[in-house]
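Participant: what shape does this take:
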Amino acid sequence: MEIVREPAEMRRIVELARARGKTVGLVPTMGFFHRGHLELMRRAVAECDEVVVTLFVNPTQFAPGDDLADYPRDFDRDRRLAESEGVSYLFAPGPGEIYPRGFATSVEVEGLSSVMCGAGRPGHFQGVATVVAKLFNIVPAQAAYFGQKDAQQLAVIGAMARDLNFPVVIKAVPTMREDDGLAMSSRNVYLEPEEREAATALFHSLTAARELICSGERDASVIREAIGEVISAEPLVSLEYVSICGNIYLEPLSELSGEVLIALAARVGKARLIDNMVFELG
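Facilitator: Here you go, the predicted model:
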């Protein structure tokens, strides 16, 4: 596996690979890999001739007071893990390579960026869309792989790729979970032991929603109330929001039909955690 730091060099490598008829997969990350990241890499390696994993903790998606300084980092460990998965290139630029002096351009997907997580984190998805747009240009891959756990991010990036005609296929990879159901996240390391146990309430609440849906319930207010009851029974978990919406445009639903996303965010100690489930309904 080759480590690349310069955007121009990374683009040259990918363009040369494509000129030789190879398919290139892109896995954008902020590092501190867990099994969810590794699953993205495995999917990309299985489907593409060359795989580029990007490792960049993007400062523009962190608001003042967020955990940018504390965000977990371990480059040597990440390098070893990526190499063990058969990744071809690890693109690890510094902030100055992505945001050079005088940088003054941003990308915003209106509407999708201001709901759910975006309502409490203004500017977050603008930072996400901007850096991913840059990565799509630096690494002109045919396919890019993202985890379903970040469902709103997936929707924002999908809309951006469509609207700006990026010639890349967005691939959604299912959420990887711990044995007790907790969605894997780099921020899980923030949890103290009792908080770690309490955090499973997010998955349990979604499981309760799934059971209601499987029994035929389609009233969003009933499902939202059931989720709230599970979360409120755990005093260490502070619910930020529950969204029951369409999975593509994130439009709120009163009655469930079609492709439905149920997503939630909660604070558990220092950690802000998100989770979701997607349902295909008639």
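Participant: now G31, what's its secondary structure?
Facilitator: Three-state call for G31 (DSSP: H, G, I helix; E, B strand; the rest coil): coil.
Participant: quick one: it and D76 touch, right?
Facilitator: No. Using CB atoms under 8 Å, G31 is not in contact with D76, being 11.0 Å away. In this view, the C-beta of every residue, glycine as well, is placed from N, C-alpha and C.
Participant: those two: which has the busier surroundings?
Facilitator: Set G31 next to D76 and count neighbours by other CB atoms under 10 Å: G31 wins out with 23 against 7.
Participant: how about the more buried one, what does it touch?
Facilitator: L55, F56, V57, R73, D74, F75, D78, S186 (CB atoms under 8 Å, 6 or more residues apart in numbering).
Participant: mind listing which of those residues are in helices?
Facilitator: Counting by DSSP state H, the contacts of G31 place F75, D78 in helices.
Participant: narrow the contacts of G31 to those that are buried.
Facilitator: Among the contacts of G31, those classed as buried by 16 or more other CB atoms under 10 Å are L55, F56, V57, D78, S186.
Participant: what is the burial count for V222?
Facilitator: If we define neighbours as other CB under 10 Å, then V222 has 11 of them.
Participant: hang on, it in a helix?
Facilitator: Yes. Using three-state DSSP, the assignment for V222 is a helix.
Participant: pLDDT value on it, please?
Facilitator: V222 carries a pLDDT value of 98.
Participant: would you confirm that it contacts S215?
Facilitator: No. Contact criterion CB under 8 Å: V222 and S215 do not qualify, at 10.8 Å.
Participant: where do the strands sit along the protein?
Facilitator: Here the chain has its strands, by DSSP state E, at 2-4, 24-29, 50-55, 89-91, 143-147, 169-173, 237-246, 258-268, 271-281.
Participant: would a markdown table of the ones you listed with distance to F103 be doable?
Facilitator: Output for these, formatted as a markdown table (distance: least, CB to CB, whole Å):
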| stretch | distance to F103 |
| --- | --- |
| strand 2-4 | 20 |
| strand 24-29 | 18 |
| strand 50-55 | 18 |
| strand 89-91 | 18 |
| strand 143-147 | 22 |
| strand 169-173 | 25 |
| strand 237-246 | 31 |
| strand 258-268 | 29 |
| strand 271-281 | 27 |
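Participant: among those, which comes closest to A63?
Facilitator: Evaluated over the strands of the chain, closeness to A63 peaks at strand 271-281, with 11.4 Å, by CB to CB.
Participant: mind checking how far the closest one is from the chain centre?
Facilitator: Remark: strand 271-281 is offset 11 Å from the chain centroid, using CA atoms, centre = their mean, to the nearest Å.
Participant: identify the farthest-apart pair in the contacts of G31.
Facilitator: Maximum pairwise distance in the contacts of G31, criterion CB to CB, is 14.5 Å, between F56 and D74.
Participant: ok, L261 to A183 distance?
Facilitator: Distance, L261 to A183, using CB to CB, to the nearest Å: 14 Å.
Participant: kindly report the same for T54.
Facilitator: Note on T54: its distance to A183, by CB to CB, is 22 Å.
Participant: which one of these two has more residues nearby?
Facilitator: T54 (26 against 23).
Participant: partners of the more buried one in the sheet?
Facilitator: Assessed by DSSP bridges, T54 has beta-bridge partners P28, F91.
Participant: how distant is stretch 5-13 from the center of its chain?
Facilitator: 24 Å.
Participant: output the buried ones among the contacts of G31 in TSV; the columns should cover distance to S254 and pLDDT.
Facilitator: Formatted as TSV, the buried ones among the contacts of G31 follow (distance: CB to CB, whole Å; pLDDT from 0 to 100):
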residue	distance to S254	pLDDT
L55	42	98
F56	40	98
V57	39	98
D78	43	98
S186	35	94
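Participant: CSV please, covering those and showing distance to V139.
Facilitator: CSV is the format used below for these (distance: CB to CB, whole Å):
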residue, distance to V139
L55, 12
F56, 11
V57, 17
D78, 17
S186, 21
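Participant: closest to A172 among those residues?
Facilitator: For the buried ones among the contacts of G31, the nearest to A172 is S186 (18.9 Å; CB to CB).
Participant: where along this structure do the helices fall?
Facilitator: Along the chain, the stretches classed as helices by DSSP H are 7-19, 35-47, 75-84, 95-98, 117-120, 124-138, 151-163, 193-198, 201-214, 220-232.
Participant: tell me which of the ones you listed lies nearest to K171.
Facilitator: Closest among the helices of the chain, once you apply CB to CB, is helix 35-47, at 7.0 Å.
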